[in-house]
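In: A structural model of the following input is requested.
(one chain, ligands or ions: 1)
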Amino acid sequence: MSVSELAKSIIESPTLRLNEEARLLRERGEPVIHLGIGEPKNKTPITAILSSAAKLTQGDVKYCPSDGLPSLKKAIIRYTEEHYDKAVAPENVIVSSGAKQAIFNILYTIVNPQDEVVVLAPYWVSYPEMIKMVYGVPVIVTPEDGSFHPRMSEIERAVSSSARAIICNSPNNPSGIVYKDEFIAELVAFCERKKIYLIMDDIYHKLVFDGRRSPSCYQFTTKDVEDSRLIVINGIAKLYGMTGFRIGWLVGPRKLVEVINNVQAQTTSCASPVMQSGAEGALLGLQSFVEALRLSIQNNRDIIMRELSSFNGVKTYKPDGTFYCLPDFRAYSSNSVELCRFLLKKALVVTVPGREFGMEGHLRLSYAGSVKDVTEGIARIKWALDPTSPNDIYIGDKRLIRDWL
Ligand code: PMP
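Out: Numbers count the residues shown, from 1 in each chain. Next comes the predicted model:
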């Protein structure tokens, strides 16, 4: 089989691969617990279902403008006003098939071969691969102090004259950290000074805990949207747990959006109008739903933190947002890929190796599932790893004895 060198160099999405492994095990009747999953368990909001259904029953499912249904864009503009305190025009917005496609389209539009894009570790697995897919070079900035919060001085050192953009994801997948306001302010000022783009991946921005708020990057610039270097990514996947609808969007300067729209028009034509109508239904529907989701996830965060604190030697950082945490398991293994395999085999728990996110020795655990999944999943991990825990456990209806410690 002949494939390009570039395609060959792109790694498989580890999270999607793990989903598939878990699905196959479950199909075989194995009682797998999935702590790798990147989506809440809620049902789709009814307003989204009704809105998509109306589109279907009208039998009016045709191409739509490639930058999105005007009515959805209107809802996005309202959302941006409400949550970012920023008035933008339809020409600043483009709807894509998921935030993922929006990010890819931006990179395709701004990166020349060998241009650099700075990525802050820990980072979402897809950034470096997408940068490579547009013949760019990912430059990873890893906090030297071992924390999950990079310093401005580290970023400044990493930005060369070939840099085109910095990608910033806060609340952060995988660590759950929310970057400090001052840090975002410094990033905005730095990118403006350097005339490079700041891509703010804000997909989790409403999933924050303990009364905190994710800052709006626009509050840190005096420039107009058109003159700023800011591109903001958002979507319905995490906000409403509507991952399968595949709708995301970006807000940016209109001259840039115009070119991104050409890219999208030539590659996808448009995101499905049925799903765009669903997104519109969710955005215009009752928002108490988002608060209920946020509260249940915050409760799960507290539970997973409590359970993890009972381990000997596992270091945790209490997440400020998202539905992930990234505990340090180096007390048990410094090879996170091997550790994940071990946990899946022995304890039937899916976790994601920190190596994929630029943090070897850590595991990304999701607490987006049920309380039972979280407590039982951590109990199984504890049984498999911690010699101070009882050496027998029930997994499904089988009593298992630990004989490897
Ligand atoms: N950005 C981050 C940080 C994510 O975690 C994800 C999904 N896991 C995405 C973007 C992609 O979102 P979507 O499903 O809308 O493509």
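
In: for the ligand, what are the nearby residues on the chain?
Out: Residues of the chain lying close to the ligand by CB under 6 Å from any ligand atom are 38, 98-100, 124, 169, 173, 201, 203, 235, 237, 243, 248. Backbone N, C-alpha and C define where each C-beta goes, glycine included.

In: now, which of those lie within strands?
Out: 169, 201, 235, 248 (DSSP state E).

In: now for the third one, how many residues are close by?
Out: In other words, residue 235. By other CB atoms under 10 Å, the residues close to residue 235 number 26.

In: tell me the pLDDT at it?
Out: Residue 235 is assigned 98 on the pLDDT scale.

In: show the contacting residues for it.
Out: Shown in contact with residue 235 (CB atoms under 8 Å, 6 or more residues apart in numbering): 98, 99, 102, 203, 247, 248, 249.

In: tell me the two of the residues you listed that are most distant?
Out: 203 and 247 (11.7 Å; CB to CB).

In: gap between residue 360 and the ligand?
Out: 19 Å (CB to the nearest ligand atom, to the nearest Å).

In: all helices for this protein, in order.
Out: Under the criterion DSSP state H, the chain contains helices at 5-9, 14-27, 46-57, 70-84, 99-110, 126-133, 152-158, 181-194, 254-267, 273-284, 288-308, 336-347, 371-385.

In: now the ones you listed in TSV, with mean neighbour count and distance to residue 224?
Out: Putting the helices of the chain into TSV (neighbours: other CB atoms under 10 Å; distance: least, CB to CB, whole Å) gives the following:
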stretch	mean neighbour count	distance to residue 224
helix 5-9	8	37
helix 14-27	15	37
helix 46-57	17	33
helix 70-84	17	14
helix 99-110	23	19
helix 126-133	20	28
helix 152-158	14	25
helix 181-194	17	12
helix 254-267	16	11
helix 273-284	25	25
helix 288-308	17	29
helix 336-347	19	44
helix 371-385	20	45
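
In: so which of these gets nearest residue 225?
Out: Among these, helix 254-267 sits nearest to residue 225 (CB to CB), with 7.9 Å.

In: with just CA atoms, put the closest one into PDB.
Out: This file holds the C-alpha atoms of helix 254-267, laid out as PDB (Å, rounded to 0.1, in the frame of the first residue of the first chain):
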ATOM      1  CA  ARG A 254     -13.100  38.900   9.200                       C
ATOM      2  CA  LYS A 255     -10.200  38.900   6.700                       C
ATOM      3  CA  LEU A 256      -8.900  35.700   8.100                       C
ATOM      4  CA  VAL A 257     -12.400  34.200   8.400                       C
ATOM      5  CA  GLU A 258     -12.900  34.900   4.700                       C
ATOM      6  CA  VAL A 259      -9.900  32.700   3.800                       C
ATOM      7  CA  ILE A 260     -10.800  30.000   6.200                       C
ATOM      8  CA  ASN A 261     -14.300  30.000   4.700                       C
ATOM      9  CA  ASN A 262     -12.700  29.300   1.200                       C
ATOM     10  CA  VAL A 263     -10.800  26.400   2.700                       C
ATOM     11  CA  GLN A 264     -13.900  25.000   4.300                       C
ATOM     12  CA  ALA A 265     -16.000  25.500   1.200                       C
ATOM     13  CA  GLN A 266     -13.500  23.600  -0.900                       C
ATOM     14  CA  THR A 267     -13.200  20.700   1.500                       C
END
